[in-house]
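> Fold the following.
(chains A, B, C and D)
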4 protein chains.
Amino acid sequence: MIILLKDKVDEKQVKNLTNWLEGIGFQLHISKGEHKTIIGLIGDTSRVDMDLIASLDIVETVKRIQEPFKSANRKFHEDDTVIDIGGRAKIGGGNFLMIAGPCSVENRDQIISVARDVKASGAGMLRGGAFKPRTSPYAFQGLHEKGLELLSEAKRATGLPIITEIMEAGHLPLFEDVDVIQVGARNMQNFELLKELGHCGKPILLKRGLANTLEELLMSAEYIMAGGNENVILCERGIRTFETYTRNTLDLSAVPVLRRLTHLPVVVDPSHATGHSYLVKSMALAATVAGADGLIIEVHNDPPHALCDGKQSLTPAQFQDVADCVRNVLPFRVR
Amino acid sequence: MIILLKDKVDEKQVKNLTNWLEGIGFQLHISKGEHKTIIGLIGDTSRVDMDLIASLDIVETVKRIQEPFKSANRKFHEDDTVIDIGGRAKIGGGNFLMIAGPCSVENRDQIISVARDVKASGAGMLRGGAFKPRTSPYAFQGLHEKGLELLSEAKRATGLPIITEIMEAGHLPLFEDVDVIQVGARNMQNFELLKELGHCGKPILLKRGLANTLEELLMSAEYIMAGGNENVILCERGIRTFETYTRNTLDLSAVPVLRRLTHLPVVVDPSHATGHSYLVKSMALAATVAGADGLIIEVHNDPPHALCDGKQSLTPAQFQDVADCVRNVLPFRVR
Amino acid sequence: MIILLKDKVDEKQVKNLTNWLEGIGFQLHISKGEHKTIIGLIGDTSRVDMDLIASLDIVETVKRIQEPFKSANRKFHEDDTVIDIGGRAKIGGGNFLMIAGPCSVENRDQIISVARDVKASGAGMLRGGAFKPRTSPYAFQGLHEKGLELLSEAKRATGLPIITEIMEAGHLPLFEDVDVIQVGARNMQNFELLKELGHCGKPILLKRGLANTLEELLMSAEYIMAGGNENVILCERGIRTFETYTRNTLDLSAVPVLRRLTHLPVVVDPSHATGHSYLVKSMALAATVAGADGLIIEVHNDPPHALCDGKQSLTPAQFQDVADCVRNVLPFRVR
Amino acid sequence: MIILLKDKVDEKQVKNLTNWLEGIGFQLHISKGEHKTIIGLIGDTSRVDMDLIASLDIVETVKRIQEPFKSANRKFHEDDTVIDIGGRAKIGGGNFLMIAGPCSVENRDQIISVARDVKASGAGMLRGGAFKPRTSPYAFQGLHEKGLELLSEAKRATGLPIITEIMEAGHLPLFEDVDVIQVGARNMQNFELLKELGHCGKPILLKRGLANTLEELLMSAEYIMAGGNENVILCERGIRTFETYTRNTLDLSAVPVLRRLTHLPVVVDPSHATGHSYLVKSMALAATVAGADGLIIEVHNDPPHALCDGKQSLTPAQFQDVADCVRNVLPFRVR
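Residues are numbered from 1 along each chain as shown, chains lettered A, B, ... in the order given. Next up is the predicted model:
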């Protein structure tokens, strides 16, 4: 970390700052120019509050050289993290994982039928929402406990591990049979929830917030990992931009950027990112060759006759096609 | 709500849709053109899931004419809501309220000293953070219970009501002596928290999220109000843009827009919005003439010697000046 | 186009509007509800000024159903446009084109050396900037006429057609030997320049502006096409977002979206979009499988010893690798 | 400027860099840490190409300490610039200027009538578009030469100086009678146009681009000033954000930020920024107290019966009210 001081600062205040920095364990490297004084910090600056230093009266600017995340940082953990999902699946390293299923769990027939179809097409995990974050309090909020039970049934019926979204730490006891807990985009900076998930023993899939940077995503992963839970899967699901032909804008460069910065697995959600089923295939293939560790795709058993058929859901047959094409390009994945 | 159907849709599917819409209580107004069919819905469409309809296979596009928020809507509640804050202050209607205090509660002397100063300058409520949402898990997270106790002491010492931020519903029992509960920008769409706050008897100050629209802000207010708590204060605190000279971009047109859309009071936070103390005065005055119902401003007792002096905090003397100037322009407020 | 009128509007004003609309050649389809009146326009609405109608006092909202672009619209031109580039290359339809070369033309040795290298690796066109748009008036602005001459030399030496950026219509006479004229992101809405290019006989590569939507990109293509020049190549080169690890955010879903909306060829510039050479390969492959008609990639002969080596430039050897891998995934392109 | 080098860089390359920097006239201040080497540049870094240095292989990061703009910089020109407008009006310093008029010049009666009305209400300059930048080539593009002639007539009739937008340097001869030339948001980075305007003898009103930072705005002003024309008026007219209730988002903190960074006058356009006439008054007053040097407001003579009545235009009577209220708060302007 480099701290640049303002011109003509009071020597006593500088001394206060350097004493404090040394007191919390840093070696300092001070360079006085004619006008400017620069302080270099040597040591683990990920544990320093950069905003606090920037807010000091005598400080002009602070520049971090090391990343502020540590547990997630590839520099300190060179090998890809491989996450074992309940002994039923793996993700990370050489393991590519396709996750598929409906946006919401609707009823027993639906979820079991979709689970069977996506398993046959090569999916390794089943997704399905039981608690749904909705902008309006008047919109359908999911089946809650009932939805979790139906997911468990689908798991027993197919052997597929299951992933579903949590919206508040108090619901954790209901998630016992869930294999991977998902944190949605709107909760990416719900820090109290992240802290609680740091103490649970399950892998967490953490979705990037709608207007968050990758550094913020990694800092949120760091919240979970700081509690002892190192099994975090990062998910790029599109960010908010000015474009209107797509629901969000899929930031595919997030995949190689994250793979350079962190050892954690990275999955891509082309369904939520684009909001249109006709875009899912091209983005799924693009994500794969770009180096993703997995995909999470919405599949619904019978979109044309269902009332709640997301424009973004694939039919099982469409998913079969996407899965086949993904397998075709997998050997060409850039890693 | 206007639903535009796709060209050449199956009559049976159209019938299914219109039956369903009539079944949930709408009058329909169907207009068949040569190519296009348009369905107009008459009735309370705020309770309809617009995404669900948009996702139907036969639907080209859906356009809402009425706003999706109802309890917060000025159309159904013409008069400004006036919120009584523990019998000690009022906001809304003709009542303008200045809220001031430090970013974080640091210690007894600090909070009581600031409380006395801001009261003397005309502030009607004391702010101070006890639970702090921080991007990094390694940054200072606030004094927690101890911070709340110190706020209570300051309240007893000065008579000022107090406002502080909550980060998770489980902490509610600790907030008994708090007069207004603040929901921060990062939790604006933490819907489970909003639902819980809908059942508590205290006024809520709801901050706009970093990249959220005003409609989304109002929908989050609606979550609280749907639970029975109608005492919601909306807060514009800056949005994320590409500009770097300011921490965020204060969206002042939010004030007159919100005042037209809703009867709820609107306050502006020029400190967080700009991130620089030198910008607070001009933005505080601008917010006032633009029609705000109040301001929330960061004030620290002794910024130059404090380690945690936010660049955005005013000294008590600076706040005195801002408060005086705000009073000068208050008669010219556009309402 | 659907025009929704306000409640309780003056009949005379409605009559004025409908007379005017019929006068300019539309058939109208008027539907009066209890509260709302809806006017549907039948005919070619791409030539109607939607903002003008929206601004009328009696109009609540206007919704376009047809796209506002016409010449570029795939609905009226089903087949992919194939553009012939001076008899030396083709793009569009089945023709995939790799464009490569340095950011700026620096000197004869550099441009000819790079041209030979990229041709050997399979590039079908040479890029190189002679007029450079720079944020600062004090930054290097390119070699201008001299740069264009050097490009021509490289063309003669290798047979590769050349593409370079124009910054003002007055420079057109200098571009006689240029095969494709590039319009940069900052000039995407320099409408006077676009109009002039509509009258020149050369293919135009039009880059998407930093914060522009795809509809705005297509409307700018429409400016060129309206002048009679139908040979427009669209280029996705990243948009401005809040992310800082990349220079811009490459919006790869633009490729399948544009391919659905328009018959014009679409190329992707992974170099400018990401700003880092380590990201070019993964994004080049991703763009290819996503369905792009071509790539435009920065290549510099000797980055490690050059002073002006863009962090985003590949060495010729790196480009060889990218080109080989692109060819590997080309058969799997989603079209 | 501070240049931070990468770890373990080749000494020869460092030497090349330092030699080059010294060669172009900088004093260097080199500080070698255990891992990192930092080079400080002393001298006028506004003329250095920061991107070029950042792109060097051995450079990790570059941080500018001085602003990259020089002629516009208040550090080198402490006093406010006062611009004389054809001997008929002044702006800057203590001079507050209201500019008003229609979006487009439509006909003689309209422009002369509006000119008389806004003059009577206290406007000091008349605006009116003759060349209109429109997203669609099929939309009304203005009256061109005819519009300029009508503006001149209105100037003769009222004595008001006139301002209108230029879209290409080739049109400059037509602007002889125009007092202030406006550069629109879409042309803020049309650098060739800016360079030409640097040689014309008239004041320029430069509008901020839709997604541009204030630094970029100042760099564009620098393009004009570098050519010798120091009479630049900056205009905040709203930026593109995710908000939909307003056309753009007015960034009012731009006013005090710009006033700190530059000596040039700053005006605010509340009409284009908000897109709705009901928001103009509150934003006009807010801009005034925030410290603006002037306002530019759309006024149309007879909006209710006009076909092209911008939703954002005020009637002359509404403008009279706004102008009166602006005068009321002018004494409280923060400067």
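> Where does the residue of chain A at minimum distance from chain D sit: helix, strand or coil?
Proximity of chain A to chain D (Cβ to the nearest Cβ) peaks at residue A:31, 3.9 Å away. Every C-beta, even on glycine, is put in place using the N, C-alpha and C of the backbone. The assignment at residue A:31 comes out as strand when based on DSSP: H, G, I helix; E, B strand; the rest coil.
> Same question for residue A:335.
Each residue gets one of three states, and residue A:335 gets coil by three-state DSSP.
> and the stretch 1-150 of chain A, which of its residues are near chain B?
When proximity is defined by Cβ under 8 Å from any Cβ of the partner chain, the stretch 1-150 of chain A lies next to chain B at A:20, A:46-49, A:51-52, A:54-57, A:68, A:133-140.
> What about those, which are in strands?
Using DSSP state E, no member of the residues of the stretch 1-150 of chain A next to chain B falls within strands.
> Would you mind listing which of those are buried?
A:46, A:48, A:51-52, A:54-57, A:68, A:133-139 (16 or more other Cβ atoms under 10 Å in any protein chain shown).
> And the furthest pair within those residues?
Taking Cβ to Cβ as the measure, those span a maximum distance of 49.4 Å, between A:57 and A:138.
> Can you verify residue A:320 is assigned to a helix?
Yes: residue assignment for residue A:320, taken from three-state DSSP, places it within a helix.
> Test my guess that it contacts residue A:123.
No: in terms of Cβ atoms under 8 Å, residue A:320 does not count as a neighbour of residue A:123; the distance is 10.2 Å.
> higher neighbour count, the two?
residue A:123 (26 against 17; other Cβ atoms under 10 Å in any protein chain shown).
> where do the helices sit along the stretch 201-335 of chain A?
If you assign secondary structure with DSSP state H, counting those that start in this stretch, the helices in the stretch 201-335 of chain A sit at A:214-226, A:254-261, A:270-274, A:280-289, A:316-329.
> Output the contacting helices and strands for the longest one.
Taking 3 or more Cβ pairs under 8 Å, 6 or more residues apart in numbering or on different chains; DSSP states H and E as contact, the helices and strands that helix A:316-329 lies on are strand A:97-101, helix A:108-120, helix A:280-289, strand A:294-298.
> for those, which one ends up most surrounded?
Burial of the helices and strands packed on helix A:316-329 is given as mean neighbour count (mean count of other Cβ atoms under 10 Å in any protein chain shown); helix A:280-289 ranks first at a mean of 29.
> any idea of the angle that helix forms with helix C:280-289?
Using axes from the mean of the first three to the mean of the last three Cα atoms, to 10 degrees, the inter-axis angle of helix A:280-289 relative to helix C:280-289 is 160 degrees.
> hang on, the earlier thing: take the helices and strands packed on helix A:316-329 and write them to CSV, including mean pLDDT.
Written out in CSV, the entries for the helices and strands packed on helix A:316-329 read as follows (pLDDT from 0 to 100):
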stretch, mean pLDDT
strand A:97-101, 98
helix A:108-120, 97
helix A:280-289, 98
strand A:294-298, 97
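> So for chain C, which of the ones you listed sits nearest?
Evaluated with Cβ to the nearest Cβ, those place helix A:280-289 nearest to chain C, the distance being 3.8 Å.
> tell me what the closest one is packed against?
Going by 3+ Cβ pairs under 8 Å, 6+ apart, helix A:280-289 lies up against strand A:266-268, helix A:270-274, strand A:294-298, helix A:316-329, helix C:254-261, helix C:280-289.
> Let me see the contact set for residue A:290.
A:252-253, A:255-256, A:333-334, C:282-283, C:285-286 (Cβ atoms under 8 Å, 6 or more residues apart in numbering or on different chains).
> What is the burial count for the closest residue to residue A:122 other than its chain neighbours?
In space, not counting the residues next to it along the chain, residue A:122 is nearest to residue A:323; the distance is 4.6 Å by Cβ to Cβ, 6 or more residues apart in numbering or on different chains. Counted with other Cβ under 10 Å, the burial measure for residue A:323 works out to 22 neighbours.
> shouldn't residue A:323 be in contact with residue A:119?
No: counting by Cβ under 8 Å, residue A:323 does not reach residue A:119; the two are 10.7 Å apart.
> What's the end-to-end length of stretch A:264-281?
End-to-end span of stretch A:264-281 (Cα to Cα, to the nearest Å): 25 Å.
> What ranges does the stretch 51-200 of chain A have for its strands?
For the stretch 51-200 of chain A, the strands defined by DSSP state E, counting those that start in this stretch cover A:59-63, A:83-85, A:89-91, A:97-101, A:125-127, A:162-166, A:180-183.
> can you pull the contacts of the residue of the stretch 101-250 of chain A found nearest chain B?
Among the residues of the stretch 101-250 of chain A, residue A:211 lies closest to chain B, at 3.2 Å counting by Cβ to the nearest Cβ. With contact taken as Cβ under 8 Å, 6+ apart, residue A:211 is in contact with A:239-240, B:210-211, B:240, C:242.
> In JSON lines: these, plus pLDDT and distance to residue D:270.
Output for the contacts of residue A:211, formatted as JSON lines (pLDDT from 0 to 100; distance: Cβ to Cβ, whole Å):
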{"residue": "A:239", "pLDDT": "98", "distance to residue D:270": "30"}
{"residue": "A:240", "pLDDT": "97", "distance to residue D:270": "26"}
{"residue": "B:210", "pLDDT": "95", "distance to residue D:270": "24"}
{"residue": "B:211", "pLDDT": "96", "distance to residue D:270": "24"}
{"residue": "B:240", "pLDDT": "97", "distance to residue D:270": "23"}
{"residue": "C:242", "pLDDT": "97", "distance to residue D:270": "26"}
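> All good on my end, thank you.
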